[in-house]
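sharing a model that was predicted from the sequence below.
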Amino acid sequence: MSLPRPTTQPPQPWAFPSHERHQLDNGMTVLIYPVPGQYVTATRLVIPAPLRSEPVDREGVATLVSRTMDEGTERRSGDEMAEALERNGIGLGASAMEAGLMLDIDATGPQLEAGLDLLTECLTMPTFAEGEVGRHRRQRLVEIEHTLARPGSRAALEWARTHYAPQDRASRASGGRSESVAAITRDDCANFHRAQVNPSRATVVIAGDVEASEVLGSVQRTLATWAPPSPGEMPVDDASPYALAPERGRIVFVDRPGSVQTEMYLGTAGPSRRDPQGGAVSRALSYLIGGSPNARIDALLREDKGYTYGMRSTFRPRAFGGEVLVSGSVRGDVTAEALDLVHGVLESVAAEGFSADETQSAIDYIGKTAPARFATADVIADEAAMLAADGLGTDFVTTYLADLAEVTPDQLQQAWSPIAAQPWSVVLVGDAEAYAGAVTALGRGEVTVVSG
């Protein structure tokens, strides 16, 4: 006896989890996301302290500040702080982003307030001991060497230098250059902290299996005690757009003699999250051009040609504007042909667009996997914090997912055509002596060879 095939219903519209919003007297915004079943709470604190606020000759100081705030306070040494975190089962981390500092705590519900208390201590009374600053300075210098040694990160740094004007902070590494990092002292860290790290305009996101009223009480007893600066001490944001390099749109070949692969990194200006194309349309385009194994670029270069293990594209929104990037590595002997094929894909999308089936595949994948992507407390907190750093709320996610269902092939083509027509900066990292000539022969722009 055969059983009838079960019928399925289309999934219902999905919205980002709801939250409570509160404002503290010190200027900090509190966002609380109750997520039943998530017993490890995720806390993310975003502090507006943009990389543009770093002194040019001390770039990287924000990174060192983020790494040394927990390496000793007026109450505890670095070892004592580590012991307190471990004893309570609390994970604490921090990093410097383009828009500011991000600090995070992961703790079980009963230990959340203890974590917030230790976080407040690190924020309000770090000592920046010379020994700890020196250790992290040396570590950062080693990281820079490793970054320059890896083809992928070397290509990304060279692309930023090619695409953005040299006077703009966006043209240089977020963690600083060797010469600027080497000059950073503990006084530089203390001065940056005093000038930039304060609760005004900061946002704390807490997600997990929590009662909002209890969480707010814990925040009031900890982070709310962090005193705001006086109005005259408030830092002033530089809201000017990024300056693009006049000579962008050229090809830079970073020479790595004997390299058997070539790292490719192509990019141009893209939409910000506030751009009408910066939500559903950009996500669909990214998925279809190079966001999956069967996307246009990968289907051609990997599946058809066998030139690569994978090429990917992404739309990356930034504080001002955004970027459209394509990256991956290919066999060295097909460098020129692979580059020409990538350009061909980008141009064909502008000329021909996508089919209805392709468009629906992007809608289905992005839309139907959203509930799983945002199912855990840490991912919810991460997304909410990143959007808060950009001045947006998580209704942005709900909106673009709703808009996604209505995206058409014509919309995608109309959005992509002006992007494809812009100058594309290209960086290749590989054996320039062997392959730069063939790249030049493509006639796709000036080729400059630089030392690897």
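Structure's in. What do you need?

average pLDDT for the helix or strand R135 falls within?
Here R135 is covered by helix 130-149, with elements defined by DSSP states H and E. Confidence for helix 130-149, expressed as mean pLDDT, is 97.

neighbouring contacts of that helix?
With Cβ atoms under 8 Å, 6 or more residues apart in numbering as the test, helix 130-149 has contacts from 60, 63-64, 67-68, 71-72, 78, 153-154, 157, 173, 175-178, 181-182, 184-186, 189. Yep, even glycine has a C-beta here, placed from its N, CA and C like the rest.

and if you look at stretch 103-115?
Counting by Cβ under 8 Å, 6+ apart, the neighbours of stretch 103-115 from elsewhere in the structure are 39-45, 47, 66, 69, 88-94, 116, 119, 122-123, 206, 208-210, 215, 218, 221-222, 378, 381.

repeat that with 7 Å
Residues lying outside stretch 103-115 but in contact with it, judged by Cβ atoms under 7 Å, 6 or more residues apart in numbering, are 39-45, 88-94, 119, 208-210, 218, 221-222, 378.

go on, stretch 8-25?
Applying Cβ under 7 Å, 6+ apart, the set of residues contacting stretch 8-25 from outside is 29-33, 35, 212, 216, 224, 368, 370-371, 374, 380, 394, 397-398, 401-402.

buried subset of these?
By neighbour count, with 16 or more other Cβ atoms under 10 Å, the contacts of stretch 8-25 hold 29-33, 35, 216, 224, 370, 374, 380, 394, 397-398, 401 as buried.

among those residues, which are in strands?
By the criterion of DSSP state E, membership of the buried ones among the contacts of stretch 8-25 in strands covers T29, V30, L31, I32, Y33.

of these, which is the nearest to L244?
Closest to L244 out of these is T29 (32.7 Å), distances taken as Cβ to Cβ.

in the chain, where is pLDDT below threshold?
In the prediction, the chain carries residues with pLDDT under 70 at positions 232-234, 236.

give me that answer again for 80
Within the chain, the ranges that satisfy pLDDT under 80 run 1, 10-11, 230-239.

ok, the residue located most distally from the centre of it to T7 distance?
Relative to the C-alpha centroid of the chain, counting by Cα atoms, centre = their mean, M1 is the outermost residue, at 55.0 Å. Applying Cβ to Cβ, to the nearest Å, the value for M1 to T7 is 19 Å.

what's near enough to touch V427?
If you count contacts by Cβ under 7 Å, 6+ apart, then V427 has A155, E158, W159, T162, V252, V254, Y265 around it.

phi and psi next, for Q167.
As for Q167, its main-chain torsions (degrees, to the nearest 10) stand at phi -80, psi -10.

oh, and call the first residue 20 from now on, that's how I've got it
Got it, first residue is 20 now, which makes that one Q186.

tally of neighbours for it?
9 (other Cβ atoms under 10 Å).

then T388?
The local packing of T388 (other Cβ under 10 Å) involves 10 other residues.

how near is it to E198?
T388 sits 44 Å away from E198, taking Cβ to Cβ as the criterion.

again with P25
The spacing between P25 and E198, counted by Cβ to Cβ, is 66 Å.

higher neighbour count, those two?
The residue with more neighbours, out of P25 and E198 and counting by other Cβ under 10 Å, is E198; that gives 10 against 5.

and that one, how far from S190?
Applying Cβ to Cβ, the value for E198 to S190 is 15 Å.

P25 too?
P25 sits 57 Å away from S190, going by Cβ to Cβ.

likewise R40?
Look at R40 and S190: by Cβ to Cβ, they are 36 Å apart.

higher neighbour count, those two?
Here R40 and S190 are compared on neighbour count by other Cβ under 10 Å; more neighbours surround S190, at 19 against 10.

the more buried one against T181, yeah?
No: using Cβ atoms under 7 Å, S190 and T181 do not qualify as a contacting pair, with a distance of 8.5 Å.

coming back round to it: can you say which of the contacts of helix 149-168 are buried?
79, 82-83, 86-87, 90-91, 97, 172-173, 176, 192, 194-195, 200, 203-205, 208.

so which of those belong to helices?
In helices, judged by DSSP state H, the following of these are found: T82, L83, R86, T87, G97, S172, R173, L176, V200, R205, C208.

return the member of those nearest to A357.
For those, with A357 as the reference and Cβ to Cβ as the criterion, the closest is R173, at 18.2 Å.

run a quick neighbour tally on N45.
The local packing count at N45 equals 16, with neighbours defined by other Cβ under 10 Å.

can you classify it as helix, strand or coil?
Secondary structure state of N45, per DSSP: H, G, I helix; E, B strand; the rest coil, is coil.

repeat for A126
Local secondary structure at A126 is given as strand here, using three-state DSSP.

now swap in L344 and tell me
In three-state terms, and counting by three-state DSSP, L344 is strand.

report the beta-bridge partner residues of the nearest residue to it once chain neighbours are set aside.
Nearest residue to L344 in three dimensions, chain neighbours excluded: G286, at 4.3 Å (Cβ to Cβ, 6 or more residues apart in numbering). Taking DSSP bridges as the rule, G286 bridges to L344, S444.

can you pull the contacts of G286?
Neighbouring residues of G286 by Cβ under 7 Å, 6+ apart: W178, H182, E342, V343, L344, W443, S444.

what number of residues are in the vicinity of Q239?
Under the neighbour criterion other Cβ under 10 Å, Q239 is assigned a count of 14.

ignoring the adjacent residues along the chain, who's closest to it?
L43 (7.5 Å).
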